[in-house]
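Colleague: Sequence isn't available, so here's the structure alone:
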């Protein structure tokens, strides 16, 4: 996976501040961020930067499912992000809701 610093163009100081803000929002939601949480959050942040707008939630979700396939894929991601890995990561990173973030017909939140 690409480096957040290189894709987002942040200085190390700016990235430290962004991570502090993400950690604070996670604490407010009762989430203790692990290395896997950060992998998800960083991938979501990178895909937003590369999309030049708002990316599609399903595309990011499918990429995450493959990335975490060895740990259980989709099931594992919903264990660490019960309200949806893409939605929650975007909210923690203070990004707009991804396109197609919820599918009411299936009751799914990505």
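Modeller: Structure received. Please read all numbers here as calculations on a predicted model, not as lab measurements.
Colleague: where do the helices sit along this protein?
Modeller: 4-8, 12-28, 35-51, 57-67, 74-80, 85-92 (DSSP state H).
Colleague: closest to residue 100 out of those?
Modeller: Closest to residue 100 of the helices of the chain is helix 57-67 (CB to CB; 4.9 Å). For every residue, glycine as well, the C-beta is placed using N, CA and C.
Colleague: The closest one - what's its average pLDDT?
Modeller: Taken as a whole, helix 57-67 has an average pLDDT of 94.
Colleague: With respect to burial, which of the helices of the chain scores highest?
Modeller: Most buried of the helices of the chain, by mean neighbour count (mean count of other CB atoms under 10 Å): helix 85-92, with a mean of 25.
Colleague: what about that one, distance to the chain center?
Modeller: 5 Å (CA atoms, centre = their mean, to the nearest Å).
Colleague: Reformat the helices of the chain as a markdown table; add distance to residue 99.
Modeller: Shown next, in a markdown table, are those (distance: least, CB to CB, whole Å):
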| stretch | distance to residue 99 |
| --- | --- |
| helix 4-8 | 20 |
| helix 12-28 | 21 |
| helix 35-51 | 9 |
| helix 57-67 | 6 |
| helix 74-80 | 19 |
| helix 85-92 | 10 |
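Colleague: And those: which comes nearest residue 98?
Modeller: Taking the helices of the chain one by one with CB to CB, helix 57-67 is closest: 3.8 Å.
Colleague: Show me what that closest one is packed against.
Modeller: If you count contacts as 3 or more CB pairs under 8 Å, 6 or more residues apart in numbering; DSSP states H and E, helix 57-67 packs onto helix 35-51, helix 74-80, helix 85-92.
Colleague: Save the ones you listed as CSV, and put in distance to residue 17 and mean pLDDT too.
Modeller: Converted to CSV, these look like this (distance: least, CB to CB, whole Å; pLDDT from 0 to 100):
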stretch, distance to residue 17, mean pLDDT
helix 35-51, 14, 94
helix 74-80, 24, 95
helix 85-92, 14, 95
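Colleague: so which of the ones you listed comes closest to residue 23?
Modeller: helix 85-92 (8.7 Å).
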